[in-house]
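Participant: with the input below, show me the fold.
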Amino acid sequence: MEKYSIEGTPKTPSISFDLAGGVLEVKGRSIPENSIEFYKPLVDALDRYAAKVQPSTTVNVQLEYFNTSSSKCILDVFKKLESINKNGSQVTINWHYEEDDEDMLEAGEDYQAIINVPFKMIMVND
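Facilitator: The predicted structure is shown next:
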């Protein structure tokens, strides 16, 4: 299995996905020009991973901000993870948010209400 990674920019998050280790990390800001195009390689990597999943999958999301079109793509990623969770890998999503960022906490709670995967809300200090 391979690794999938994208360097972050001021408009896009860094993404690191160790398919062999079952660890996905998304960090930074997500306001790409074309969210669908930006997230498609990650969705494709998740499809490859789903064919040969690890016993456990850990997802660390630490976004400062994301726009509306990114939120839909993030939901699509989480739906893939939900499917992976149903098919035998123990998926855990760690949603990191800054102590004073109520919007990001609320966004995580909204995803938690929609997706049937264990979520952990983790407060980080600035």
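Participant: switch to C-alpha atoms for all contacts and neighbour counts from now on
Facilitator: OK.
Participant: report the helix or strand with the lowest average pLDDT across this protein.
Facilitator: strand 3-6 (a mean of 92; mean pLDDT, DSSP states H and E).
Participant: which residues are in contact with the longest strand anywhere in the chain?
Facilitator: Secondary structure of the chain per DSSP state E: the longest strand is strand 56-66. Applying C-alpha atoms under 8 Å, 6 or more residues apart in numbering, the contact partners of strand 56-66 are 13, 21-31, 89-97, 104.
Participant: could you pull out the buried residues of that strand?
Facilitator: 57-66 (16 or more other C-alpha atoms under 10 Å).
Participant: tell me the helix or strand right after the biggest helix by length in the chain.
Facilitator: If you go by DSSP state H, the chain has its longest helix at helix 68-86. Counting by DSSP states H and E, the next helix or strand C-terminal to helix 68-86 is strand 90-98.
Participant: measure the residue lying farthest from the centre of the chain to N125 for me?
Facilitator: What lies farthest from the middle of the chain is D100; by C-alpha atoms, centre = their mean that is 21.2 Å. D100 sits 9 Å away from N125, going by C-alpha to C-alpha, to the nearest Å.
Participant: what of S35?
Facilitator: The value you get for S35 to N125, if C-alpha to C-alpha is used, is 28 Å.
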